[in-house]
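*Asks:* Next comes the sequence, and after it the predicted model I'd like to discuss.
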Amino acid sequence: MERVYIFDTTLRDGEQAAGCHLSTVEKIQIAGALGRLGVDVIEAGFPVSSPGDFNSVVEISKAVKGPVICALTRCLKSDIDVAVEALRYASEKRIHTGIGTSDYHIKYKFETTRKEILRRAVESVRYARRFVPDVEFYCEDAGRTDNQFLAEVVEAVIKAGATVVNIPDTTGYCLPNEFGEKIAYLKGNVKGIDNVILSVHCHNDLGMATACAFEGVRNGARQVECTVNGVGERAGNTAMEEICMILKCHKNLGLDTGIVTRNIVKTSHLVSNLMNSPVQANKAVVGRNAFSHSSGIHQDGVLKHKETYEIIDPKDVGADKSNIVLTARSGRAALKTRLKRLGVDVSDSKMVDSIYSKFLKLADRQTYITDDDIVAISGIDHNAVMAVQILEHKVSSALGDGAVAYLKLSVKGSEKEATAVGNGPVDASIKALKQILGVDMTLQEFTIQSVDRGSDDIGKVYMQVLYNDGLYYGFSASSDIVLASLQAYIDAVNQFI
Ligand code: KIV
Ligand code: ZN
């Protein structure tokens, strides 16, 4: 297998996403996770841009050993000086310097000439090489740069000492085949190109970032710049999990990354939580629905043999298991499996038929059917099925003063109660629940989505709870989002209690 290097820019380009600011501590946390994920390079920031970015590069350089730590600069000596200073504690370091090479950038941003751009590029690479042996050069807006001029720049920076050359499709404009041809053109027309690593950095403005990066790799690029969950400026960057899984699934390409794929989902959750950036449900590889089978035909197939509808084993990316979601399109096979899990004897096919017809009626009105719904329509004894149920729940909160929750539960038939304080009503309710159950579990993901608009809207809550190394999913929906949150937690707890 030939190696494709993963250059992660979640902490630099990813953090440029609107509303995704991270503190230094959060960046260190993510950088640590990226190290465990096995990325080759971490672009830790753009040190000259702010004291916060400078400090993050310093602290990440101290805290994370293993991947190369990289700092971004413009083609300015003063930027490079600051980057060198920020990287002083890194064991393996890289300076990523560059300039716009398209006529749009040359004419409108720099108001200069191609010749001058070439001069600044060469000067910066030479200057950076005085401080570090590993210098990457980016040709900003290479996607819209004339190939002949691009080749001239790339050849000149290689001669000046660049070790990696980055070809970004900064505006996400290129078609995948065009981008692949650009890389092939450079491979065929630049002296010294085989002595450096050619890198691709694609943006997702037209939804083609991963396709373009893949075409780049197919045509000779051996480094992909990407972000976890595809976060990044505007519509984002190539998603790390997508490019890695493409190469892993298509082994015949003879290409692979060093990514520890079973850490993908947990890193995705960490980035999503810390960046306050929910992952869309149908996002490839890491979306909540990526391994959920909803239609009857698919569910039947997956229950018989997973590979009928699954090309990735969920465990390979650290997703717990495939998830069968009961909806109006579900068939008897999925319903029977759920009934069995709930402890219902499904040997009587007439009884299953009758539950199924009630289920379809309910599913026509409701997007998701919960275990509580199944229990209700099958007429089974709730207490016998759900180990934990809410009997009473009260919360009181005061502005800026936290909250108190009182909770009475039925746990395997016996009544238990607790009162807890928290920094908000959900926190207090979950603390009361934990107090009653006395079980060591952690909330991994917590998403609330409104169904409609308006203050009387239903809030759908989705939670992931970690218990004994297993992830358990809980859903609930209610116009009272505190109650819905508690119910979703209990829904997850009921899977392992
Ligand atoms: O998209 C881009 O061109 C960039 C460069 C700064 C590498 O992010
Ligand atoms: Zn970018």
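*Replies:* Here it is on my side, so go on. Ligands and ions are numbered 1, 2, ... in the order given.
*Asks:* Close to ligand 1: what parts of the stretch 201-350 of the chain are there?
*Replies:* Neighbours of ligand 1 within the stretch 201-350 of the chain, by Cβ under 6 Å from any ligand atom: 201, 203. Bear in mind the C-beta positions are built from the backbone N, C-alpha and C, glycine included.
*Asks:* distance of the residue nearest in space to the middle of the chain from T447?
*Replies:* The residue lying closest to the centre of the chain (Cα atoms, centre = their mean) is N229, at 2.8 Å. Per Cβ to Cβ, to the nearest Å, N229 is found 14 Å from T447.
*Asks:* now do C70
*Replies:* Here the distance between C70 and T447 works out to 32 Å (Cβ to Cβ).
*Asks:* who's more crowded, these two?
*Replies:* Relative neighbour count places C70 above the other of C70 and T447, with 29 against 16, counting by other Cβ atoms under 10 Å.
*Asks:* Tell me which stretches of the stretch 251-400 of the chain form helices.
*Replies:* Along the stretch 251-400 of the chain, the stretches classed as helices by DSSP state H, counting those that start in this stretch are 264-274, 296-304, 332-341, 349-365, 371-378, 382-385.
*Asks:* Among those, single out whichever gets nearest to V135.
*Replies:* Proximity of those to V135 was assessed by Cβ to Cβ; the nearest stretch is helix 264-274, lying at 27.8 Å.
*Asks:* How far does that closest one sit from its chain's centre?
*Replies:* From the chain centre to the centre of helix 264-274 is a distance of 5 Å (Cα atoms, centre = their mean, to the nearest Å).
*Asks:* Ok, stretch 168-188 next?
*Replies:* For stretch 168-188, the distance from its own C-alpha centre to the chain's C-alpha centre is 25 Å (Cα atoms, centre = their mean).
*Asks:* follow-up on the earlier one: settle this for me: the residue nearest to the centre of the chain is touching H269, isn't it.
*Replies:* No - counting by Cβ atoms under 8 Å, H269 is not a contact partner of N229; they are 9.4 Å apart.
*Asks:* Touching, A33 and N263? I think so.
*Replies:* Yes - the pair formed by A33 and N263 meets the contact definition of Cβ under 8 Å, at 7.4 Å.
*Asks:* Those two: who's more crowded?
*Replies:* Here A33 and N263 are compared on neighbour count by other Cβ under 10 Å; more neighbours surround A33, at 21 against 17.
*Asks:* and the closest residue to that one other than its chain neighbours, what is it in contact with?
*Replies:* With Cβ to Cβ, 6 or more residues apart in numbering as the measure, T267 is the residue that lies nearest to A33, at 4.8 Å, once sequence neighbours are left out. Contacts of T267 were listed using Cβ atoms under 8 Å, 6 or more residues apart in numbering, and they are 30, 33-34, 36-37, 228.
*Asks:* out of those residues, who's nearest ligand 1?
*Replies:* Nearest to ligand 1 among the contacts of T267, counting by Cβ to the nearest ligand atom, is V228 at 15.8 Å.
*Asks:* can you tell me the helix or strand for A418?
*Replies:* strand 414-422 (DSSP states H and E).
*Asks:* Give me the contact list for whichever helix or strand comes after that strand.
*Replies:* Secondary structure here is assigned by DSSP H and E; on that basis, the next helix or strand after strand 414-422 toward the C-terminus is helix 425-437. In this structure, residues lying in contact with helix 425-437 by Cβ under 8 Å, 6+ apart are 388, 393, 395, 397, 402-407, 409, 411, 416-422, 441, 443, 481-482, 485-486, 489-490, 493, 497.
*Asks:* ok, now with 7 Å
*Replies:* Counting by Cβ atoms under 7 Å, 6 or more residues apart in numbering, helix 425-437 makes contact with 393, 395, 397, 403-407, 409, 411, 416, 418-422, 443, 482, 485-486, 489-490, 493, all of which sit outside it.
*Asks:* Tell me which of those residues fall in strands.
*Replies:* Of the contacts of helix 425-437, the ones assigned to strands by DSSP state E are 393, 395, 397, 403-407, 409, 411, 416, 418-422, 443.
*Asks:* now, which of those lie close to ligand 1?
*Replies:* Within the ones in strands among the contacts of helix 425-437, nothing lies near ligand 1 by Cβ under 6 Å from any ligand atom.
*Asks:* Now that we have those, which of them are buried?
*Replies:* 393, 395, 397, 403-407, 409, 416, 418, 420, 422, 443 (16 or more other Cβ atoms under 10 Å).
*Asks:* quick one: least confident of those residues?
*Replies:* Minimum pLDDT for those is recorded at S397 (87).
*Asks:* Relative to Y108, which of the contacts of T267 is nearest.
*Replies:* The shortest gap between Y108 and any of these belongs to V228, at 32.6 Å (Cβ to Cβ).
*Asks:* how much space between the nearest residue to that closest one once chain neighbours are set aside and S295?
*Replies:* Distance criterion Cβ to Cβ, 6+ apart; nearest residue to V228, sequence neighbours excluded, is V271 at 4.4 Å. According to Cβ to Cβ, V271 stands 30 Å off from S295.
*Asks:* Neighbour count: the two, which is higher?
*Replies:* Neighbours per residue, other Cβ under 10 Å: of V271 and S295, the larger number sits with V271, 27 against 16.
*Asks:* before we move on, the earlier item: point out the other helices and strands that the strand holding A418 packs with.
*Replies:* strand 403-411, helix 425-437 (3 or more Cβ pairs under 7 Å, 6 or more residues apart in numbering; DSSP states H and E).
*Asks:* and the first one, what does it pack onto?
*Replies:* Which is strand 403-411. With contacts defined as 3+ Cβ pairs under 7 Å, 6+ apart, the secondary structure elements packing on strand 403-411 are strand 388-397, strand 414-422, helix 425-437.
*Asks:* ok, whichever residue of the stretch 201-350 of the chain sits closest to ligand 1 - how many residues close by?
*Replies:* Shortest the stretch 201-350 of the chain-to-ligand 1 distance, computed as Cβ to the nearest ligand atom: residue-wise this is H201, at 5.2 Å. A count of neighbours around H201, defined by other Cβ under 10 Å, yields 31.
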